[in-house]
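A.B. asks: For reference, the sequence and a predicted model appear below.
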Amino acid sequence: MKCGDCTCIWQAGDWPRWRYDLAALAESMAEVSRAQGLLMGRLRDVGIELRNQASLATLTEDVVKTSEIEGEQLSAVSVRSSIARRLGVDIGALAPVDRHVDGVVDMVVDATANCYAPVSSERLFGWHAALFPTEYSGLARIGVGDWRNDDHGPMQVVSGAIGRQRVHFEAPPAERLQTETRRFIDWVNRTSGESALIKAGIGHLWFVTLHPFDDGNGRIARAIGDLLLARADASPQRFYSLSAQIQRERKAYYKILEQTQKGSMDVTPWLAWFLEALGRAVDQAQHTLDGVLTKARFWHQWATTPMNERQVKLLNKLLDGFSGKLTSSKWAAISKCSPDTALRDINDLLKRGVLRKVDAGGRSTSYELHKSI
């Protein structure tokens, strides 16, 4: 059996005895640890409430991006509301949430908030069922809550038009999954000697190589990586998102993954990429924390200023990073109010010094938070 033109990694005679050059990875590991230390140092100084808000922002991005990698677009507002409910974080009015959003959130929150709980096949089956509450992936009915059976052929990752498809990877046959998954789960749960960061990288790679489900393997592999990273951080609260970083570097991720899955048991290049991407994810978290702190300072500054619900909603959108220019017509559309009401809301905030005009008058006029904010 061949995976494209190469033998797959799981066919190696020494599978799954992972090898890597620790000396070659030492600098990257030190950089990640340094970045984690800087981030956690800042978080220790901001108080519980702001740490909760930072964790909420990170988990929201994690859920949205882990689905986006698979081509699914989830509403960030719905995801944020679902996470806030589970974590007991007060964000004011909660948005309606469908069970698909709740399912992805259930998996990510369980993986991180309960990171010290043992991993078991039943727990993984629960995550899988949460991802596919209707037992359908798109229009296809899939097996849920059990390992795949390969009734429709081997599990392959392919691309290209029908008739000209390229096989990027072929997973181990279904009859091996009981043994393979038991060995993987035992390794996750025991102290196996690797550095915690190395274990997170191998855990992600190992699970996605097994590809034990009909669908959802990438999302579950990233959840396992998050679980192992939470153990590495000795904190169930998440303040950086590897899934978001993978989405930002999606092409590079798939390239190194394919190279590794068609290579030998020496996974040093994969771990080097993983650690470098992880370092960039931690650095990006500094920007997330900056946004949380900016938002907190803003509402502290204007805490005694009367504002209506529409104004609060639109100001929060600006603080969260509004896409494009905020105009009176967009204000009306988002707030579901008349153009006259939108203009009154805006003029009131202009008069108070909360907003400022960006462009000249007329239809092109847009608004932003005042620079002093």
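C.D. replies: That came through fine.
A.B. asks: Show me where this protein has its strands.
C.D. replies: Per DSSP state E, the chain carries strands over the ranges 136-137, 140-141, 156-159, 166-170, 355-357, 367-369.
A.B. asks: Surely Ala103 and Glu135 touch.
C.D. replies: One thing to correct before we go on: residue 103 is Gly, not Ala. No. Look at Gly103 against Glu135 with CB atoms under 8 Å: they stay out of range, at 11.8 Å. Glycine gets a C-beta too; all of them are placed from N, C-alpha and C.
A.B. asks: so what are the domain limits for the protein?
C.D. replies: 9-294, 305-369 (automatic domain parsing).
A.B. asks: How far away from the center of its chain is the longest one?
C.D. replies: Taking the mean C-alpha point of domain 9-294 and that of its whole chain, the gap between them comes to 7 Å (CA atoms, centre = their mean, to the nearest Å).
A.B. asks: sorry, back to before: save the domains of the chain as TSV, and put in mean pLDDT and mean neighbour count too.
C.D. replies: What follows is the domains of the chain, written out as TSV (pLDDT from 0 to 100; neighbours: other CB atoms under 10 Å):
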stretch	mean pLDDT	mean neighbour count
domain 9-294	91	18
domain 305-369	89	15
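A.B. asks: about what we covered before: format the strands of the chain as a markdown table; extra columns: distance to Thr7.
C.D. replies: Converted to a markdown table, the strands of the chain look like this (distance: least, CB to CB, whole Å):
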| stretch | distance to Thr7 |
| --- | --- |
| strand 136-137 | 29 |
| strand 140-141 | 29 |
| strand 156-159 | 15 |
| strand 166-170 | 10 |
| strand 355-357 | 62 |
| strand 367-369 | 56 |
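A.B. asks: now for the ones you listed, which one comes closest to Ile334?
C.D. replies: Across the strands of the chain, Ile334 has its closest neighbour in strand 367-369 (12.7 Å, CB to CB).
A.B. asks: could you say what helices and strands that closest one packs with?
C.D. replies: Using 3 or more CB pairs under 8 Å, 6 or more residues apart in numbering; DSSP states H and E as the contact test, the elements touching strand 367-369 are helix 309-319, helix 339-352, strand 355-357.
A.B. asks: I'd like these as JSON lines, with distance to Ala130 appended.
C.D. replies: Output for the helices and strands packed on strand 367-369, formatted as JSON lines (distance: least, CB to CB, whole Å):
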{"stretch": "helix 309-319", "distance to Ala130": "29"}
{"stretch": "helix 339-352", "distance to Ala130": "40"}
{"stretch": "strand 355-357", "distance to Ala130": "41"}
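A.B. asks: need the longest helix for this structure.
C.D. replies: helix 268-301 (DSSP state H).
A.B. asks: any idea how far the nearest residue to Arg352 once chain neighbours are set aside is from Ser335?
C.D. replies: Among residues not flanking Arg352 along the chain, Thr305 sits closest, at 6.3 Å (CB to CB, 6 or more residues apart in numbering). Taking CB to CB, to the nearest Å as the criterion, Thr305 is separated from Ser335 by 18 Å.
A.B. asks: check contacts around the closest residue to Ala252 other than its chain neighbours.
C.D. replies: Nearest residue to Ala252 in three dimensions, chain neighbours excluded: Trp273, at 7.1 Å (CB to CB, 6+ apart). Residues near Trp273 by CB atoms under 8 Å, 6 or more residues apart in numbering: 252-253, 256.
A.B. asks: and if you look at Asp226?
C.D. replies: So Asp226 contacts 62, 108, 111-112, 115, 238, 242-243 (CB under 8 Å, 6+ apart).
A.B. asks: quick revisit: return the subset of the contacts of Trp273 lying in helices.
C.D. replies: Using DSSP H, the contacts of Trp273 in helices are 252-253, 256.
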